[in-house]
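[1] From the sequence below, what's the structure:
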Amino acid sequence: MPADSQPTLKEHDQRAAPTQAQRNQHQRSSLYSDASKSVPRGIPPKGPGQRGARSKAFMASAKAVASDSLGQGGSDEEAYFKARFNGVLYLSNRNLNAVPDQVITIFDPKWRRPEERWWEQVPAVQKLDLSHNHIVSLPPELASMAVGLETLLLKGNQLRDCAPVALLRQLRFLNLSNNQLQMVPDLSGIIDLMHLDVSSNNLDQLPGLPGSLVRLDCGQNKLRSLGTEFQNLSHLRELHASNNRLSNAAAALGHWCQDLQIVDVSNNELEDLPESIVELQDLQLLDARGNQLCIFPLLPDRSPLKELRLSGNELPEVDDRELGKVASTLVIFDIATNFLEDLPGHIFRGMNALQHLDVSNNRISELPSSIGLLKSLRSLKIDGNMIRDGRLREALEAGVQQAKDYLVSRIPAQQNHHQIPGGGENNSQLQVAPREMQYYHPSHAEGPASQRPEAAPSTDFGPEHTHPEAEVYCQKIVVIPAPEPSNFLGQRNNGGQSDVLKTMPSALFLPRTCATLEQLSISKHSIKTLPPQLSRLSSLRVLKIDSNKIKALPIEILLMHLTSLELQGNALGTDGAFDAFGDRSIPPNPLERSLETLDLGGNRLSTLPVDFLKRFSKLKVLRLGHNKLERFLDLRNNQTSGEREDSPWCFFPNLLTLDVGDNDLRRVPKVILRLPKLQHLNIQNNMIRDLPNELGMTAGYAGTHYQ
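    Model prediction:
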């Protein structure tokens with residue numbers, strides 16, 4: 001037909017008026033669509049023109065229903081009607097205070113419309129959306145929907161109890177987020193459940209979970225640990241546990257959940273991530289922002305990790321060996337707001353896919369030129385550091401590409417400027433002690449700031465740029481002495497750079513070191529916490545960390561094989577320092593079987609840490625001097641006098657030396673006489689007026705030091 005020709009009236013009516021079969025088919029399909037509505041009732045058509053008008057009215061009505069009722073819109077009655085034919089019941093944002101009875105009895109004949117083709121109804125509701133209402137509890141009758149219901153959405157209500165959901169055994173998607181739940185019933189019986197969202201509640205523990213789970217979101221709760229509830233989640237791919245109070249995660253988490261691709265534990269209280277993360281060969285995103293990590297986490301080999309977010313922690317350095325495992329796939333690397341003082345150029349080796357780099361709010365004084373060679377880099381954040389290169393900042397304001405060009409332009413000048421005349425080596429490098437003992441000073445590895453060569457950090461990514469401390473620590477004995485003293489002006493001999501350690505060097509926990517190191521001593525630094533990674537030092541027998549600022553001991557210390565633990569001169573107090581050791585369910589461990597010498601002198605103990613001390617029955621030397629002890633035992637507890645006399649000294653049958661000098665003790669209890677092998681007792685500089693007469697009659701007793 002020509003474009004400018006007009007159809008005749010008869011042709012128009014023939015095209016406009018559908019056949020009876022077409023009308024029946026259209027009516028049947030409309031019942032199954034989300035926008036379906038009953039066919040308008042009226043006077044039967046009497047002619048072709050009226051049939052065309054009726055078709056237009058029908059289409060207009062269907063479009064009105066589609067625009068008003070599609071998805072979650074429309075009246076409640078319309079929602080129930082559609083659900084009987086498509087199995088999807090939308091009742092979100094309806095200001096409901098309870099689950100309506102009609103939800104449970106939706107297929108009851110009393111709800112049918114006169115024109116409803118009930119024989120074309122679906123057998124059951126498959127999806128129920130009650131989100132964003134004011135529902136406080138779920139009725140027990142909800143269990144009658146167990147057959148067929150696969151998706152239940154209860155987000156954004158005021159639920160305090162959700163017990164009936166445990167009976168919905170065919171659920172595949174369950175959303176209970178943004179409620180007021182303090183507990184969730186055991187869900188392990190819902191064997192097809194794949195997606196579970198319990199975020200933004202008041203949960204302090206997770207329920208039993210089914211092994212079919214693929215995605216779990218438990219963020220915005222009060223969880224303190226990720227424990228054995230993950231043991232059967234072998235299919236879990238996404239774990240979202242941000243904004244909780246997590247202080248530890250099960251050591252075998254990565255072994256249990258080897259299919260994990262996304263791990264989000266941001267904004268918690270974690271000091272370390274489980275070593276089993278190395279088993280996550282499919283890991284694509286690791287988000288540990290806003291924790292208390294003091295050691296760079298272990299990363300899996302050859303995993304397709306694209307996002308690594310570690311900002312807002314206490315990391316003093318980047319472990320180039322771990323970062324190298326994922327360098328080729330990394331797209332986003334966020335390590336802002338940490339304690340980085342140096343950013344070695346060789347850590348960017350092979351990062352061909354890196355697009356976003358954030359090192360802002362650290363203590364970095366110079367940016368390595370090797371960043372200019374990152375071809376895919378699109379975003380670079382360096383604010384909040386100590387970088388004084390004005391030209392770099394001007395270039396970065398113009399754009400990332402201009403900053404990269406400037407960094408590349410510095411490469412030849414740096415190579416020539418830092419070349420050591422005569423081919424000699426830096427005079428400030430480490431002075432090597434005998435092979436069996438290595439004294440390490442933090443400033444020795446790179447020399448003073450004024451003499452430290454950069455060795456072309458921008459271009460050389462070669463293997464010679466290994467961790468400067470790695471070989472230093474691979475000794476049997478390592479001593480890290482006190483920092484170099486300052487002169488009368490307060491200046492240090494190393495050019496003004498601080499040597500004080502605030503965390504234990506991460507190179508101590510490299511595999512070779514863990515297998516070699518037998519004695520470690522760190523004196524007069526500012527270490528506040530002992531990292532859980534200490535348990536990796538399988539060969540360590542003597543650990544001395546004196547005159548630091550340690551306030552508490554990690555429970556992982558029980559996994560060590562120490563014979564001597566010396567922690568004198570720290571900040572260990574009675575409150576909180578030994579809380580982790582009060583759990584009676586802790587099984588027998590290596591430290592209980594091996595520890596013979598324990599020195600807690602010069603701390604802030606006002607009472608004896610009984611739960612901690614009584615674990616070590618093999619002790620031969622116990623030093624508690626220079627504390628604030630007022631009595632040998634804590635008389636403020638609820639023990640009987642007999643129990644107080646026996647605890648904790650009855651647990652030390654092998655004790656030879658006991659030092660409680662320089663405290664505030666007023667008497668020596670006779671229970672000391674029950675120590676069968678005691679030879680030396682130091683009680684000098686206390687407030688003791690008299691001693692038990694029987695003390696000098698103890699067999700094998702060598703003497704008492706008192707003043």
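[2] Could you use CA atoms for every contact and neighbour count after this?
    Noted.
[3] okay, now the domains of the chain?
    Following automatic domain parsing, one gets these domains for the chain: 15-64, 75-188, 550-707.
[4] Tabulate those domains (JSON lines), appending mean neighbour count, distance to residue 287 and mean pLDDT.
    Rendered in JSON lines, the data for those read as follows (neighbours: other C-alpha atoms under 10 Å; distance: least, C-alpha to C-alpha, whole Å; pLDDT from 0 to 100):
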{"stretch": "domain 15-64", "mean neighbour count": "15", "distance to residue 287": "39", "mean pLDDT": "42"}
{"stretch": "domain 75-188", "mean neighbour count": "18", "distance to residue 287": "21", "mean pLDDT": "90"}
{"stretch": "domain 550-707", "mean neighbour count": "17", "distance to residue 287": "24", "mean pLDDT": "78"}
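[5] Quick one: those as TSV, columns for distance to residue 499 too.
    As requested, the domains of the chain are exported to TSV (distance: least, C-alpha to C-alpha, whole Å):
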stretch	distance to residue 499
domain 15-64	69
domain 75-188	48
domain 550-707	18
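[6] mind checking the SS state of residue 397?
    Reduced to three states with DSSP: H, G, I helix; E, B strand; the rest coil, the structure at residue 397 is helix.
[7] where exactly do the strands run in the stretch 601-707 of the chain?
    Read by DSSP state E, counting those that start in this stretch, the stretch 601-707 of the chain holds these strands, from start to end of the chain: 621-623, 657-659, 680-682, 703-705.
[8] quick one: contacts of the first one?
    For strand 621-623, contacts defined as C-alpha atoms under 8 Å, 6 or more residues apart in numbering pick out 596, 597, 598, 599, 600, 601, 655, 656, 657, 658, 659, 660.
[9] Arrange those residues in CSV, one row each, with distance to residue 306 as further columns.
    Written out in CSV, the entries for the contacts of strand 621-623 read as follows (distance: C-alpha to C-alpha, whole Å):
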residue, distance to residue 306
596, 47
597, 47
598, 46
599, 46
600, 45
601, 48
655, 55
656, 57
657, 56
658, 56
659, 55
660, 55
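[10] Please determine how far residue 96 is located from residue 156.
    12 Å (C-alpha to C-alpha, to the nearest Å).
[11] what residues are shared contacts of those two?
    Taking C-alpha under 8 Å, 6+ apart as the criterion, residue 96 and residue 156 both touch 133, 134.
[12] sorry, back to before: show me which of the contacts of strand 621-623 is closest to residue 80.
    Set against residue 80, the nearest of the contacts of strand 621-623 by C-alpha to C-alpha is residue 600 (71.1 Å).
[13] surely that closest one meets residue 566?
    Yes: the pair residue 600 / residue 566 is scored as a contact, 6.7 Å apart, by C-alpha atoms under 8 Å.
[14] for the domains of the chain, which one sits closest to residue 253?
    When these are ranked by distance to residue 253, counting by C-alpha to C-alpha, first place goes to domain 550-707 at 16.2 Å.
[15] doesn't residue 83 fall inside a strand?
    No: secondary structure of residue 83, determined by three-state DSSP: helix, with no strand assignment.
[16] quick one on the thing from earlier: out of the strands of the stretch 601-707 of the chain, nearest to residue 541?
    strand 621-623 (15.3 Å).
[17] Out of the domains of the chain, flag the one nearest residue 318.
    Nearest to residue 318, of the domains of the chain and by C-alpha to C-alpha, is domain 550-707 at 23.2 Å.
[18] How far off centre is the closest one?
    Taking C-alpha atoms, centre = their mean, to the nearest Å, the mean C-alpha location of domain 550-707 is offset from the chain mean by 36 Å.
[19] so where do the helices sit in the stretch 301-450 of the chain?
    Under the criterion DSSP state H, counting those that start in this stretch, the stretch 301-450 of the chain carries helices at the ranges 320-325, 390-398, 400-409, 411-417.
[20] Would you single out the least confident of those?
    Lowest mean pLDDT within the helices of the stretch 301-450 of the chain: helix 411-417, at a mean of 50.
[21] ok, now which ones touch the residue nearest to residue 93 when sequence neighbours are not counted?
    Leaving aside its chain neighbours, residue 93 sits nearest to residue 132 (5.1 Å; criterion: C-alpha to C-alpha, 6 or more residues apart in numbering). Residues in contact with residue 132 (C-alpha under 8 Å, 6+ apart) are 92, 93, 94, 95, 154, 155, 156, 157.
[22] what helix or strand is residue 132 on?
    Element membership for residue 132 (DSSP states H and E) is empty, with no helix or strand holding it.
[23] State the distance from it to residue 80.
    Taking C-alpha to C-alpha as the measure, residue 132 and residue 80 are separated by 18 Å.
[24] before we move on, what about residue 322?
    Between residue 322 and residue 80 the distance is 56 Å, computed by C-alpha to C-alpha.
[25] Could you find the closest non-adjacent residue to residue 94?
    residue 133 (6.3 Å).
[26] doesn't residue 157 make contact with the one you found?
    Yes: using C-alpha under 8 Å, residue 133 is in contact with residue 157, at 5.1 Å.
[27] Roughly how far does residue 273 sit from residue 225?
    In this structure, residue 273 lies at 12 Å from residue 225, with C-alpha to C-alpha as the measure.
[28] Also residue 613?
    As for residue 613, its distance to residue 225 is 26 Å (criterion: C-alpha to C-alpha).
[29] Residue 380 now?
    Using C-alpha to C-alpha, one gets 35 Å for the distance from residue 380 to residue 225.
[30] Same question for residue 545.
    From residue 545 over to residue 225 the distance is 28 Å, taken as C-alpha to C-alpha.
[31] try residue 399
    On the measure of C-alpha to C-alpha, residue 399 and residue 225 end up 43 Å apart.
[32] out of these two, which sits in the busier spot?
    Neighbour comparison, residue 399 and residue 225: the larger count goes to residue 225, with 18 against 14 (by other C-alpha atoms under 10 Å).
[33] list the contacts for residue 255?
    By C-alpha under 8 Å, 6+ apart, residue 255 lies in contact with 276, 277, 279, 280.
[34] Can I have the buried ones of those as a ChimeraX selection?
    Remark: buried members of these, expressed as a ChimeraX selection using 16 or more other C-alpha atoms under 10 Å:
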select :276,277,279,280
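[35] So which of the contacts of residue 255 are in strands?
    For those, not one is inside strands, with DSSP state E as the criterion.
[36] which one of the contacts of residue 255 sits closest to residue 343?
    Nearest to residue 343, judged by C-alpha to C-alpha, of the contacts of residue 255 is residue 277 at 24.6 Å.
[37] now the strands: where do they sit in the stretch 251-400 of the chain?
    Under the criterion DSSP E, counting those that start in this stretch, strands of the stretch 251-400 of the chain are mapped to 262-264, 285-287, 307-309, 332-334, 356-358, 379-381.
[38] Neighbouring strands - and their directions - for the second one?
    In other words, strand 285-287. According to DSSP bridges, strand 285-287 has the following sheet partners: strand 262-264 (parallel), strand 307-309 (parallel).
[39] okay, the ones you listed in a markdown table with mean neighbour count next?
    Conversion of those to a markdown table gives the following (neighbours: other C-alpha atoms under 10 Å):
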| stretch | mean neighbour count |
| --- | --- |
| strand 262-264 | 20 |
| strand 307-309 | 21 |
